[in-house]
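> Provided below are the primary sequence and the corresponding predicted coordinates.
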Amino acid sequence: MDSNQTRRGYDRQILALAIPSLGALIAEPLFILIDSAIVGRLGTPELAGLSVASTLLMTIVGLCVFLAYATTSSVSRLLGAGRRAEALRSGVDGMWLALGLGVLLAVGFGLAAPYVLGALGASDEVLTHATSYLRWSVPGLPGMLLVMASTGVLRGFQDTKTPLIVATAGAIANTILSFTLVYGAGMGIAGSGLGTAIAQIGMGVVLSVVVVARTRSEGVSIRPAIHGILSNAKSGAPLFVRTISLRVAILATVFVGTHLGAVALAGHQVVNSLWNFAAFGLDALAIAAQALVGHAVGARDKAATSAVLRRVLQWGVGAGVVLGLVMAAASPLLAPLFSDDPAVRHAIIVGLIAAAVFMPIAGWVFILDGVLMGAGDGPYLAKVGVINVAVYLPVAALVYFFAPSGAAGLVWLWVAFGLVYTGARAVSNGVRLRSEAWTDHAM
């Protein structure tokens, strides 16, 4: 097979994994968006309560994303090594971990809802609605975490279409349930939370049935195994640390933006939202990289590992270039959609251009994150995640104390985030890539 045929073959595999993954990635944000549209008609206090409660829920779900990453990594490498039964067993153990963790989080946040939400600064009227939504929606956490773990298993088997189908069905069910319970049953914001919980539980059940059916067909037990569950927790712990480091960097950036004034903060909200939206596309490519590289590393096929690595990096950087150009070129058209204030519009435009410059670097970073996760190099990602934040925070402090307010300050903030934080991640991942030590984790 010549090099062009090889590239086309990898391209087909990458797109076959990445495109459905993109749809599944937006499931949880889509749930919140649907709830916002439905609850918004109830009134301002209800919508404000949803904002506080959903922010907490999105943080919880975001911190638990290691459940998907860890299962994808272990399952893909075991499959590459030809150990199919062990791959399924590892996936099932990961799902038991997700279920147990989901139950603990649901009970804990259900009981502590008013105290946690109150600590976030919600006023009495908003707190009432936020508590109602959170308590009715947290029963869905076990389902949502099961969705993550089972999706990770299926990605390990290079099946991203099933999670997409289930995510689409879940979004439709959530819309119908929430609208019916909020207005038809007269439950108000509680109905929105309950509808979301039912949809999430349903998604978790369906995906679990798919994995269990595959497991039983191979004669593998689905009973919980303490050793396997603890092993999954151990392998996921470094990725949890990595996720926390990302959250710290993001929160620090928001904190600095707050100090730069209302115009800069409003501009940052829009720029950050659009950056995150573009990141979904890069994340989808990273998922493809994780599954393909994990399989090649597990098979100890260095030639395939190198070929896949080279092609996914080309896709990642190329996508970053395209997204950056689109973001910069569209900035004058996007800004008026978010604000009527000329100062805020200007801040959005210059902020988007500054962010767009670093989107190709983000493409490199996202892909290498997926590559290293697929190879089981979580401990390295955790270690350098902490180091990268330590490098970024002093620079963020310089922006806090010395940058001007308004649009100029926003540009400096995004230069600091893109050049220093994203740049530090690019360097640390690149150094690891050159060492080839990341390929030593085959099972």
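Looks like it arrived, so ask away. Remember, predicted model here, so these are calculated numbers, not experimental data. Numbers count the residues shown, from 1 in each chain.
> ok, then the element right after the helix or strand of the chain with the lowest mean pLDDT?
Lowest mean confidence among the helices and strands of the chain (mean pLDDT, DSSP states H and E): helix 27-39, at a mean of 73. Sequence-wise, the next helix or strand beyond helix 27-39 is helix 44-63, with elements assigned using DSSP states H and E.
> what comes up buried for that next one?
By neighbour count with 16 or more other Cβ atoms under 10 Å, helix 44-63 contains the buried residues 45-54, 56-57, 60-61. (Glycine included, C-beta is placed from N, CA and C.)
> Out of these, which one has the weakest pLDDT?
Among these, Ser51 carries the weakest pLDDT, at 77.
> so how far is Ile189 from that one?
Distance, Ser51 to Ile189, using Cβ to Cβ, to the nearest Å: 11 Å.
> cool, and Ser208?
For Ser208, the distance to Ile189 equals 29 Å [Cβ to Cβ].
> the more surrounded of these two?
A direct count of neighbours by other Cβ atoms under 10 Å for Ser208 and Ile189 places Ile189 higher, at 29 against 21.
> check contacts around that one.
By Cβ atoms under 8 Å, 6 or more residues apart in numbering, the contact list for Ile189 reads 39, 42, 46, 49-50, 129, 132-133, 182.
> Out of the residues you listed, which comes closest to Trp364?
Lowest distance from Trp364 to those (Cβ to Cβ) belongs to Leu50, with 36.4 Å.
> mind listing what the closest one touches?
Contacts of Leu50 by Cβ under 8 Å, 6+ apart are 35-36, 39, 129-130, 133, 189, 192.
> Got the domain ranges for this structure?
3-224, 246-441 (automatic domain parsing).
> Now render the ones you listed as CSV, adding distance to Pro238.
Listed next are those as CSV, based on distance: least, Cβ to Cβ, whole Å:
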stretch, distance to Pro238
domain 3-224, 8
domain 246-441, 4
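> List the buried residues in stretch 217-231.
Using 16+ other Cβ under 10 Å as the burial criterion, the residues of stretch 217-231 that qualify are 220, 222, 225, 228-229, 231.
> For it, give me every contacting residue.
Contacts for stretch 217-231 (Cβ under 8 Å, 6+ apart): 84-85, 88-90, 92-93, 96-97, 100, 212, 215-216.
> right, and the pair among the residues you listed with maximum separation?
Spatially, the most separated pair among those is Arg84 and Gly100, at 25.2 Å (Cβ to Cβ).
> Kindly format the C-alpha coordinates of whichever strand or helix holds Ala70 as PDB.
Per DSSP H and E, Ala70 falls inside helix 66-80. These are the backbone C-alpha positions of helix 66-80, laid out as PDB (Å, rounded to 0.1, in the frame of the first residue of the first chain):
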ATOM      1  CA  PHE A  66     -11.700  11.000  33.500                       C
ATOM      2  CA  LEU A  67     -14.200   8.100  33.500                       C
ATOM      3  CA  ALA A  68     -14.400   8.300  29.700                       C
ATOM      4  CA  TYR A  69     -10.700   8.900  29.100                       C
ATOM      5  CA  ALA A  70      -9.500   6.100  31.400                       C
ATOM      6  CA  THR A  71     -11.800   3.400  30.000                       C
ATOM      7  CA  THR A  72     -11.100   4.400  26.400                       C
ATOM      8  CA  SER A  73      -7.400   4.200  27.100                       C
ATOM      9  CA  SER A  74      -7.400   0.800  28.900                       C
ATOM     10  CA  VAL A  75      -9.900  -0.800  26.500                       C
ATOM     11  CA  SER A  76      -8.100   0.300  23.300                       C
ATOM     12  CA  ARG A  77      -4.700  -0.900  24.500                       C
ATOM     13  CA  LEU A  78      -6.000  -4.300  25.700                       C
ATOM     14  CA  LEU A  79      -7.800  -4.700  22.300                       C
ATOM     15  CA  GLY A  80      -4.600  -3.800  20.500                       C
END
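> Can you work out which other helices and strands pack against that helix?
Counting contacts by 3 or more Cβ pairs under 8 Å, 6 or more residues apart in numbering; DSSP states H and E, helix 66-80 packs against helix 84-119, helix 141-156, helix 226-259, helix 262-298, helix 359-374, helix 378-402.
> so which of these gets nearest Met203?
Nearest to Met203 among the helices and strands packed on helix 66-80 is helix 141-156 (5.0 Å), distances taken as Cβ to Cβ.
> how big is the angle separating the following helix or strand past that closest one from helix 141-156?
Helices and strands here follow DSSP H and E; after helix 141-156, the next one along the chain is helix 161-179. Counting by axes from the mean of the first three to the mean of the last three Cα atoms, to 10 degrees, helix 161-179 points 160 degrees away from the direction of helix 141-156.
> Counting by contacts, list what helix 161-179 packs against.
The contact analysis (3+ Cβ pairs under 8 Å, 6+ apart) places helix 161-179 against helix 3-25, helix 27-39, helix 141-156, helix 189-217.
> and for that helix, what are the contacting residues?
Residues from elsewhere that reach helix 161-179 (Cβ under 8 Å, 6+ apart): 20-21, 23-24, 26-27, 30-31, 34-35, 38, 147, 150-151, 154-155, 191-192, 194-196, 198-200, 202-203, 206-207, 210.
> Any chance of a PyMOL selection covering the buried ones in those?
Filtering those down to the buried ones (16+ other Cβ under 10 Å) takes a single PyMOL command:
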select buried, resi 20+21+23+24+27+30+31+34+35+38+147+150+151+154+155+191+192+194+195+196+198+199+200+202+203+206+207+210
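> low-confidence ranges in the stretch 301-443 of the chain?
The stretch 301-443 of the chain contains residues with pLDDT under 70 at 440-443.
> try 50
In the predicted model of the stretch 301-443 of the chain, no residue satisfies pLDDT under 50.
> And the closest residue to Ala185 other than its chain neighbours, what's its pLDDT?
In this structure, Ala185 finds its nearest non-sequential neighbour in Gly191, 5.8 Å apart by Cβ to Cβ, 6 or more residues apart in numbering. On pLDDT, Gly191 comes in at 95.
> show me the contacts for Gly191.
By Cβ under 8 Å, 6+ apart, the contact set of Gly191 is 136, 178, 180-183, 185.
> ok, now how distant is His295 from Ala375?
For His295 relative to Ala375 (Cβ to Cβ), the value is 11 Å.
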